[in-house]
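Student: Take a look and give me a structure for this.
(one chain, ligands or ions: 2)
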Amino acid sequence: EAALDDAFKTLMTWADEARDIGVRANADTPSDAKTARNFKAQGIGLCRTEHMFFDEDRLTVMREMIFADDPADRRTAVDRLMPIQRADFVELFRIMKDQPVCIRLFDPPLHEFLPGNRAGMRDLAEALDLPLSHVERRIEALSEYNPMLGMRGVRLGITIPEIYEMQARAIFEATLDAAKDGAVVVPEIMIPLVSAKREVELVKTRIDAVAAAVRTERGADFDFKLGVMVETPRAALRAEDIAPHCDFFSFGTNDLTQMAYGLSRDDAGRFMSAYVQQGVYPEDPFHTLDAEGVGELVQLGVDRGRKAQPGLTMSVCGEHGGSPESIAFCRKVGIDYVSCSPFRVPVARLAAAQFTIKDKIG
Ligand code: PEP
Ligand code: MG
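Tutor: Ligands and ions are numbered 1, 2, ... in the order given. All right, here's what the predicted structure looks like:
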């Protein structure tokens, strides 16, 4: 078994020497981050921060913030969330040590944070110490016909700026705290579901202000990067406007596929096998990224983004980042790294090497 272990390690070392595309992992818990490190991911490519708020006690504070009518109440809830987030990030930074960590700002479909029935509303009213009528009114105001195309990602960040400001502060303070323990990270802050340049300008201005405040308060300096998820077709098409405000783009190919096909990622399973069997789609487009359709949007986004900002780092962090055929495509269009679930990292490293060698040697 030890010999097999050694052979595997040697093979992976060769793979890493051969490949010319990076592999990071998607991770939002300490356990995922540890798995990512063990599998030799080159950092975290996507930390989905909304997942950090699903625990019951955190969910209550998050709901307090969402349900607040009064900005002062919202502020109080946000102030309670900040140290919780800061501790989350310190832990991730300590695990990842000197490796890059890309943190995506809150990207909920809002309905995931709302109770789904009357009993839930009653419990929530009690937990938040609010009249049931207030909770009902708020839920009515917040409910959406199509939450996946509604108040998601940066739209929530623009509407309730306190959330992103809180997260930026937590990231910056965690960077300084983790540095005291020798974890030197340059955090990468990522804005989700962008579709317009102005969204990036607004969020960037607010984040820069938070960075300046933390530097003054702490009397210490730190570096960070700012980028966007390119996961709406419009963001890919308008990449030239958006790029000058960014250090990186990360293609969220799950949403990009959903929006390019007009096909709900949560419902596609119902007819996917019929479609693939009858040759309508050569393969499940949520699994394989190719040069037709969604891949064209990625190519376009890479080319237009780099035209405006040549040094832009490009990555793919949707499910496709862990599928070998998609990795081959990503290499061809100039993606710098893919980010996939931690357990797919070894497969991605091997696939990346295989396609690099095939391309160079033939
Ligand atoms: C994506 O849309 O591809 C993505 C990575 O984000 P999420 O799956 O969290 O929407
Ligand atoms: Mg997405």
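
Student: ok, then the element right after the strand or helix carrying residue 89?
Tutor: Secondary structure from DSSP states H and E places residue 89 in helix 71-96. Helices and strands here follow DSSP H and E; after helix 71-96, the next one along the chain is strand 101-104.

Student: so what does that next one touch, helix or strand wise?
Tutor: Packed against strand 101-104, as judged by 3 or more Cβ pairs under 8 Å, 6 or more residues apart in numbering; DSSP states H and E, are the following elements: strand 44-48, helix 71-96, strand 188-191. From N, CA and C alone the C-beta is placed, and that goes for glycine too.

Student: Contacts (any at all) between ligand 1 and that strand?
Tutor: No - no part of strand 101-104 sits near ligand 1 under the criterion Cβ under 6 Å from any ligand atom; the closest distance found is 7.5 Å.

Student: As TSV, the helices and strands packed on strand 101-104 with mean pLDDT and distance to ligand 1 would be great.
Tutor: Converted to TSV, the helices and strands packed on strand 101-104 look like this (pLDDT from 0 to 100; distance: least, Cβ to the nearest ligand atom, whole Å):
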stretch	mean pLDDT	distance to ligand 1
strand 44-48	98	5
helix 71-96	94	17
strand 188-191	98	10
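
Student: out of those, nearest to residue 293?
Tutor: Comparison of the helices and strands packed on strand 101-104 against residue 293 by Cβ to Cβ identifies strand 44-48 as nearest, at 22.5 Å.

Student: Give me the sheet partners of that closest one and which way each runs.
Tutor: Strand 44-48 pairs in its sheet with strand 22-26 (parallel), strand 101-104 (parallel), by DSSP bridges.

Student: Report whether it contacts ligand 2.
Tutor: No - Strand 44-48 stays clear of ligand 2 (Cβ under 5 Å from the ion), getting no nearer than 8.7 Å.

Student: Restrict that strand to CA atoms and write it as CSV.
Tutor: Output in CSV follows, covering the C-alpha atoms of strand 44-48 (Å, rounded to 0.1, in the frame of the first residue of the first chain):
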residue,chain,number,x,y,z
ILE,A,44,-9.7,28.5,-2.6
GLY,A,45,-11.3,29.7,-5.8
LEU,A,46,-14.8,30.1,-4.4
CYS,A,47,-16.0,30.5,-0.9
ARG,A,48,-19.8,30.8,-1.0
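
Student: ok so, going back, residues of the helix holding residue 89 that come out buried?
Tutor: Using 16 or more other Cβ atoms under 10 Å as the burial criterion, the residues of helix 71-96 that qualify are 74, 77-78, 80-81, 84-86, 88-96.

Student: what does stretch 49-66 give?
Tutor: By 16+ other Cβ under 10 Å, the buried positions in stretch 49-66 come out as 49-53, 58, 60-66.

Student: what's the model's confidence in that stretch, averaged?
Tutor: For stretch 49-66, mean pLDDT rounds to 88.

Student: The stretch 151-300 of the chain against ligand 2: which residues are in contact?
Tutor: So the stretch 151-300 of the chain meets ligand 2 at 231, 252, 255 (Cβ under 5 Å from the ion).

Student: Filter these to keep only those in contact with ligand 1.
Tutor: Okay, of those touching ligand 1 (Cβ under 6 Å from any ligand atom), that's 231, 252, 255.

Student: Show the backbone phi and psi for residue 283.
Tutor: Main-chain torsions, residue 283, degrees, to the nearest 10: phi -150, psi 170.

Student: In this structure it contacts residue 276, no?
Tutor: Yes - between residue 283 and residue 276 there is a contact under Cβ atoms under 8 Å: 6.5 Å.

Student: Residue 338 pairs with what?
Tutor: residue 23, residue 316.

Student: Do I have it right that it meets residue 45?
Tutor: Yes - under the criterion of Cβ under 8 Å, residue 338 makes contact with residue 45 at 7.5 Å.
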